[in-house]
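>>> pasting a predicted model and its sequence here:
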Amino acid sequence: MKIRIVSRKRNPLLKRMEITFEVDHNDGGGTPQRLEVRETLAKAIKADPKLVYIRRMVTKTGTMTTLGEANAYDSLDQARHVEPNHILVRYRSSEPAKSS
């Protein structure tokens with residue numbers, strides 16, 4: 001799986017980087033998992049994977065190319081404040097459980 005950053009724009013008001021990317025997954029078969037793309041994208045932009053939220057991924061019909069949009073936040077609190085609940089829920093299960 002290879003990720004290519006199509007565009008990267010800083011949004012200072014929301015304290016995030018808005019990223020459009022393209023994933024070439026000829027070697028891996030079908031559309032890759034969001035968590036796998038999240039990890040790879042975080043490495044590509046040199047960010048903490050916990051601060052990267054993939055908003056959308058669409059595979060072009062008949063190709064092995066997926067287009068996506070993601071946001072990389074400055075802090076976890078800012079992400080929780082700005083991102084819609086359904087996006088936060090997608091990644092909640094990937095975070096380690098808090099022990100009491």
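Yes, it's here.
>>> going forward, measure contacts between C-alpha atoms and count neighbours the same way
Noted.
>>> could you point out which element follows whichever strand or helix holds residue 70?
For residue 70, the host element (DSSP states H and E) is strand 65-73. Using DSSP H and E, the helix or strand that follows strand 65-73 towards the C-terminus is helix 76-82.
>>> got the CA coordinates for that next one in PDB?
Extracted in PDB, the C-alpha atoms of helix 76-82 (Å, rounded to 0.1, in the frame of the first residue of the first chain):
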ATOM      1  CA  LEU A  76      -6.700  15.100  21.200                       C
ATOM      2  CA  ASP A  77      -9.000  17.500  23.000                       C
ATOM      3  CA  GLN A  78      -9.400  19.600  19.800                       C
ATOM      4  CA  ALA A  79     -10.200  16.500  17.800                       C
ATOM      5  CA  ARG A  80     -12.900  15.500  20.300                       C
ATOM      6  CA  HIS A  81     -14.300  19.000  20.200                       C
ATOM      7  CA  VAL A  82     -14.500  19.400  16.400                       C
END
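>>> the next helix-or-strand element following it packs against which elements?
For helix 76-82, the following helix or strand on the C-terminal side (DSSP H and E) is helix 85-92. Helix 85-92 is packed against strand 52-59, with contacts defined by 3 or more Cα pairs under 8 Å, 6 or more residues apart in numbering; DSSP states H and E.
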